[in-house]
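Engineer: I need the structure of the sequence given here:
(4 chains)
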Protein chains: 2
Amino acid sequence: MAGIRAQQKEKTRRALIQAAMNQLSAEHGYASLSLREVAREAGIAPTSFYRHFQNMEELGLTLVDEGGLALRQLLRQSRQQIANGGSIIRSSVRTFMQFVGNNKAIFRLLLQEKSGNSRDFRMAVVREIEHFTAELVDYLLDEQDYQRELAELQADAIVRIVFGAGADALDADAQECERLTEQTIQQVRIVARGAEATRLAARPRE
Amino acid sequence: MAGIRAQQKEKTRRALIQAAMNQLSAEHGYASLSLREVAREAGIAPTSFYRHFQNMEELGLTLVDEGGLALRQLLRQSRQQIANGGSIIRSSVRTFMQFVGNNKAIFRLLLQEKSGNSRDFRMAVVREIEHFTAELVDYLLDEQDYQRELAELQADAIVRIVFGAGADALDADAQECERLTEQTIQQVRIVARGAEATRLAARPRE
DNA sequence: AAATTGCGTGAACACGCGTTCACTGACATA
DNA sequence: TATGTCAGTGAACGCGTGTTCACGCAATTT
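Structural biologist: Here you go, the predicted model:
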């Protein structure tokens, strides 16, 4: 019942996905990904590609999904660090920047396709980022007692800042990365302070 | 001394640049820009392209420069609105979002090449955005009396938020755009409040 | 044991690409 | 008026592309 055949198929499928990931780099993005090159790297004939994906777009969307999954895992990891004590902001930002450093290809893919030329891709990425924001909103509502609107403003701003920094980190060396991380932590703190001030101004007594 | 010849050449050059701009759209980015198609739209033979640019990359960098120029003009326009009175934050953000709406192709180009696959391109875009940030820092230092470090943190955060919103605005309809604009204004205000609070905390007496 | 399924294959296709080359003819220069 | 310059040309090149097709052959099903 193992299904030697299905097993083999899944293996080649993974090989294709991995090959595509490998070909993604700072110099060579999804747009210039070639079916033939991917197939070559995966060690199969170009024609066999069609046994696994209908076309390149389907492969690309799969990559985005895999990237999103990795991001989701990052979030869990981040929450663990929070549970272990220490500054929430600091550990979240650090985890995020760590992720970017360790998964440049994936993060670059997400960034590129966010402003890319396929509406399906853009929407897929936006959806992933919205997950990110939504979880942050939940956290703010739970831990602090912000009103929903303010929490959403704050979460969205933070996500924009952090993703922006992540983008810059892609081209940065270790030292610059460190600087970026510290800068981002401070910026997130500024936003938190601003939100707090706004909250107090809105409901001065309570 | 008019130089009929040079005049004609400049005209074709402009035609090439314009043709390239026209071909940039939500579905068709710089990466998939073709020399032959651009030449066709400009109304010249493919080979004539080389009389004006050494290769496609040179054309692309020219496009980025032109985009940056347009952004610079936006900044001046924005400052005029400020001089006319009214909320600084509000009019700046509105102007920016207006620009994005009116120059989608250019802004999309900047966004895409910011995370694009050519280091030269990325650096060119980063330079443009740094101009943007630097002018905001100057403004903060002049108008308020922030210390340099805090002004830089604040300006960088604001630029990230605003550019992020601009990116989202590319896919949004008019109503969603309006919502985004208002959201961004509030977020920038939050940052400003947070920076102010930070400033007061750092130097309580002065 | 026989029949079927389906992954992987190699040849072949039409196509658009960037680039080269020698050339033309209108403008500039002397 | 004679000479030079150079933007624009059309043919031709080699190449990599996505996609199709009929086929082989091992795993699976009957």
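Engineer: Wait, residue A:42 touches residue A:21, no?
Structural biologist: No - the pair formed by residue A:42 and residue A:21 falls short of the contact definition of CB atoms under 8 Å, at 10.9 Å. (Glycine included, C-beta is placed from N, CA and C.)
Engineer: Compare neighbour counts for these two and give me the winner.
Structural biologist: In this view residue A:42 and residue A:21 are compared by other CB atoms under 10 Å in any protein chain shown, and residue A:42 has more residues nearby, 21 against 18.
Engineer: State the distance from that one to chain B.
Structural biologist: Noted for residue A:42: a distance of 21 Å to chain B, by CB to the nearest CB, to the nearest Å.
Engineer: so the residue most central in space within chain A is in which element?
Structural biologist: Within chain A, the residue whose C-alpha comes closest to the C-alpha centroid is residue A:71; the distance, by CA atoms, centre = their mean, is 4.5 Å. Remark: residue A:71 resides in helix A:56-83, with elements defined by DSSP states H and E.
Engineer: Is any residue of that helix near DNA strand D?
Structural biologist: Yes - Helix A:56-83 comes into contact with DNA strand D (CB under 7 Å from any atom of the strand), by way of residue A:56.
Engineer: For that helix, name the packing helices and strands.
Structural biologist: helix A:4-23, helix A:88-102, helix A:104-114, helix A:119-143 (3 or more CB pairs under 8 Å, 6 or more residues apart in numbering or on different chains; DSSP states H and E).
Engineer: let's go with 6 Å and repeat that
Structural biologist: With contacts defined as 3 or more CB pairs under 6 Å, 6 or more residues apart in numbering or on different chains; DSSP states H and E, the secondary structure elements packing on helix A:56-83 are helix A:88-102, helix A:104-114.
Engineer: deepest of those helices, which one?
Structural biologist: Ranked by mean neighbour count, the helices and strands packed on helix A:56-83 are led by helix A:104-114 with a mean of 23 (mean count of other CB atoms under 10 Å in any protein chain shown).
Engineer: Compute the inter-axis angle for that helix and helix B:104-114.
Structural biologist: In terms of direction (axes from the mean of the first three to the mean of the last three CA atoms, to 10 degrees), helix A:104-114 departs from helix B:104-114 by 180 degrees.
Engineer: From chain B, how far off is the residue nearest to the centre of chain A?
Structural biologist: Distance, residue A:71 to chain B, using CB to the nearest CB: 16 Å.
Engineer: list the contacts for that residue?
Structural biologist: Under the criterion of CB atoms under 6 Å, 6 or more residues apart in numbering or on different chains, residue A:71 has no neighbours.
Engineer: which bits of chain A sit near DNA strand C?
Structural biologist: Counting by CB under 7 Å from any atom of the strand, the residues of chain A close to DNA strand C are A:5, A:8, A:9, A:12, A:44, A:45, A:46, A:47, A:48, A:51, A:52.
Engineer: got the residues you listed as JSON lines, with pLDDT, distance to DNA strand D and neighbour count columns?
Structural biologist: Compiled in JSON lines, the residues of chain A next to DNA strand C are given as follows (pLDDT from 0 to 100; distance: CB to the nearest atom of the strand, whole Å; neighbours: other CB atoms under 10 Å in any protein chain shown):
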{"residue": "A:5", "pLDDT": "90", "distance to DNA strand D": "3", "neighbour count": "8"}
{"residue": "A:8", "pLDDT": "97", "distance to DNA strand D": "7", "neighbour count": "10"}
{"residue": "A:9", "pLDDT": "97", "distance to DNA strand D": "10", "neighbour count": "13"}
{"residue": "A:12", "pLDDT": "97", "distance to DNA strand D": "13", "neighbour count": "16"}
{"residue": "A:44", "pLDDT": "97", "distance to DNA strand D": "12", "neighbour count": "17"}
{"residue": "A:45", "pLDDT": "97", "distance to DNA strand D": "8", "neighbour count": "10"}
{"residue": "A:46", "pLDDT": "97", "distance to DNA strand D": "4", "neighbour count": "13"}
{"residue": "A:47", "pLDDT": "97", "distance to DNA strand D": "4", "neighbour count": "10"}
{"residue": "A:48", "pLDDT": "98", "distance to DNA strand D": "9", "neighbour count": "13"}
{"residue": "A:51", "pLDDT": "97", "distance to DNA strand D": "10", "neighbour count": "11"}
{"residue": "A:52", "pLDDT": "98", "distance to DNA strand D": "12", "neighbour count": "20"}
